[in-house]
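Asker: below are the sequence and a predicted model for it; my questions follow.
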Amino acid sequence: MNLSELMIRIRENPSQFLQDDCIFQLRAFLRGFIFAKNTSANLTTKDHQLLDSIDSKIKSLYGIKEGEIISIEEILDDNEKENAFSKYLEQWFRYAQH
């Protein structure tokens with residue numbers, strides 16, 4: 001399974017993967033997934049590159065400059081509050097299509 005397939009499954013049924021619809025749990029889960037894939041492949045995978053690319057686009061959307069160190073979950077939690085999880089999914093599928 002690649003990252004895009006995983007995100008489709010998470011969007012369809014978040015409780016299959018996460019205890020709560022929480023941006024912090026989702027991002028921790030995704031980082032673990034990417035870490036496992038990178039480790040097993042012994043390189044930076046395309047999934048890792050995809051996640052980094054989408055993170056960069058989301059940071060740009062919220063006016064975060066290149067080089068500023070702030071996590072996507074913090075950005076969304078600060079700006080979207082209780083909608084951070086659904087906003088991340090919305091942005092993921094918006095940017096993953098391009």
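Answerer: On my side now, so go ahead. Numbering: from 1, shown residues only.
Asker: wait, what's in contact with E68?
Answerer: Going by C-beta atoms under 8 Å, 6 or more residues apart in numbering, E68 touches K59. (C-beta placed from N, C-alpha, C; glycine too.)
Asker: what does it show for phi and psi?
Answerer: Torsion angles at E68 (phi, psi; degrees, to the nearest 10) stand at phi -70, psi 130.
Asker: tell me the secondary structure at E74.
Answerer: Under DSSP: H, G, I helix; E, B strand; the rest coil, E74 falls in the helix class.
Asker: that one - how many residues pack around it?
Answerer: E74 is flanked by 14 other residues according to other C-beta atoms under 10 Å.
Asker: hey, which helix is longest across the chain?
Answerer: As assigned by DSSP state H, the longest helix anywhere in the chain is helix 23-41.
Asker: tell me what whichever helix or strand comes after that one is packed against?
Answerer: Downstream of helix 23-41, the next assigned helix or strand under DSSP states H and E is helix 46-61. Applying 3 or more C-beta pairs under 8 Å, 6 or more residues apart in numbering; DSSP states H and E, one finds that helix 46-61 makes contact with helix 3-12, helix 23-41, helix 72-80, helix 84-96.
Asker: can you put those in a markdown table and add distance to K57 and mean pLDDT?
Answerer: Shown next, in a markdown table, are the helices and strands packed on helix 46-61 (distance: least, C-beta to C-beta, whole Å; pLDDT from 0 to 100):
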| stretch | distance to K57 | mean pLDDT |
| --- | --- | --- |
| helix 3-12 | 15 | 96 |
| helix 23-41 | 15 | 95 |
| helix 72-80 | 10 | 96 |
| helix 84-96 | 5 | 95 |
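Asker: what separation do you get for the closest residue to K59 other than its chain neighbours and A28?
Answerer: Once flanking residues are discounted, K59 sits nearest to I75: 6.7 Å by C-beta to C-beta, 6 or more residues apart in numbering. Counting by C-beta to C-beta, to the nearest Å, the separation of I75 from A28 is 15 Å.
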